Every structure is written in structure tokens, then in C-alpha cells.
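1. what shape does this take:
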Amino acid sequence: MNHPPQPSGWQEPLKAGIEEIDGLVETLNSILRISQAQSGVASSHIAEFDLSASVTDVVDFYAEFAEQKHIEVRQEIAAGIVMTGDKPLLTQAVANLIDNAVKYTPAGGVIAIVLRQENGVIECIVADTGPGIPEAYYDKVKERFFRMEASRTSPGTGLGLSLADAVARLHRGTLVFEDNHPGLKVTLRLQEAKTA
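-> The predicted model follows:
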């Protein structure tokens with residue numbers, strides 16, 4: 001006699017399928033955001049906003065994940081940095097940088113996040129004590145879907161740094177990589193800035 005499958009028999013495959021679809025949708029959304037930023041298409045989200053508050057929110061969100069991995073988070077976020085730009089895209093770019101830092105920094109490591117403004121230029125710096133990226137790959141990691149061999153077993157699509165770079169360019173800025181001795185230091189440098 002055939003019995004209907006038990007709930008436990010189909011729930012896991014269904015859950016895995018839904019997670020895979022969610023991942024594909026997020027990948028497609030990321031590609032769309034990158035394409036829009038790279039083409040310089042005017043966004044309906046361009047407005048004046050408090051970048052200091054946005055960066056603080058992102059840091060607070062990731063601090064819990066860092067704590068679970070026993071990673072120390074240090075932050076030096078200047079208050080009152082207001083700029084005109086695409087708030088959702090800039091927030092996503094900062095989140096991608098911090099997400100990478102949390103993902104690749106080992107337990108006992110440190111992530112330092114700095115937001116500052118000087119001479120009309122905003123810098124959002126995320127520095128970690130992870131394995132870093134060889135200098136020869138600094139330009140390659142900005143390409144869509146590029147992932148270094150060492151990171152291929154980690155979750156991700158290879159779109160995070162590509163998006164951050166496109167967002168920097170959209171705001172007349174740059175994404176700069178440096179050796180953090182040890183680890184990686186990434187600076188999102190933005191030209192559009194003013195202090196509240």
C-alpha cells in the first residue's frame with residue numbers, strides 16, 4: 001500500500017529550491033543594479049541623505065554576525081556627513097564591503113570601518129585582517145562574477161565588489177584596494193560631499 005510522503009520528506013528539498021530561487025533573483029537584481037550604475041542612468045533615488053546614519057546602520061547590522069565569528073569590529077564614523085546620491089546603491093555598496101570583510105576575516109580578527117570627509121571628498125574605509133587579495137588581482141576583482149580560487153568554496157556570486165566599483169564611479173569616485181598588513185583595506189572614495 002502506497003503512503004503519502006511524510007512532510008519531512010519534501011520540506012527540505014522545497015526549502016532548498018526556494019533558497020536557490022531567492023539566490024538567483026538576488027543575483028539578477030545585483031546585475032541590474034550594476035548595469036544601471038555603470039551606464040550612469042539617472043536614478044529616482046538620487047537625493048540628499050545622511051551617509052553617516054546609513055553607514056552606522058550597516059555596521060550595526062553586521063556587528064552581530066562579526067560577534068558570532070569572534071571578530072572585533074572597530075568603527076570611527078564621523079557624524080553629520082550628508083551627500084547627494086543614490087542612497088540604496090551606496091548603502092548596498094558599503095554593505096558589500098563589510099560583508100566581504102566579515103566573510104573572509106578569521107575568528108580573532110579585526111575589522112575597522114572609518115567614514116570621514118576631508119577637502120570635499122568622502123572616504124568610507126573597510127579594513128580587515130583576513131587573507132587579503134594579491135595586488136595583481138585588484139582590478140580583476142572589480143569584474144562581474146570574478147572570484148579568486150581561494151574564495152570559490154565560500155557563498156557568493158562575485159558581484160559585490162563589481163557593484164561597489166560601479167557605485168563609486170556613478171558618484172564620480174573610485175574604489176581603491178590596499179594591503180592592510182595583514183588583510184585588505186578597501187576605500188570607497190566619493191566626490192559628492194557636503195557637511196550638515
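
2. residues contacting the spatially closest residue to Glu178 that is not a sequence neighbour?
-> Spatial nearest neighbour of Glu178, chain neighbours left out: Lys185 (4.4 Å); criterion: CB to CB, 6 or more residues apart in numbering. Bear in mind the C-beta positions are built from the backbone N, C-alpha and C, glycine included. Residues in contact with Lys185 (CB atoms under 8 Å, 6 or more residues apart in numbering) are Ile125, Val126, Ala127, Asp128, Phe177, Glu178, Asp179.

3. name the nearest of those residues relative to His171.
-> Closest approach between the contacts of Lys185 and His171, by CB to CB: Ile125, at 15.9 Å.

4. the closest one contacts Leu190, doesn't it?
-> No - using CB atoms under 8 Å, Ile125 is not in contact with Leu190; the gap is 11.8 Å.

5. that older thread, quick one: buried ones out of the contacts of Lys185?
-> For the contacts of Lys185, a burial check counting by 16 or more other CB atoms under 10 Å picks out Ile125, Val126, Ala127, Asp128, Phe177, Glu178.

6. can you tell me the SS state at the last one?
-> It refers to Glu178. Recorded secondary structure, Glu178: strand (DSSP: H, G, I helix; E, B strand; the rest coil).

7. for the second one, same thing?
-> Under the three-state scheme (three-state DSSP), the conformation of Val126 reads as strand.
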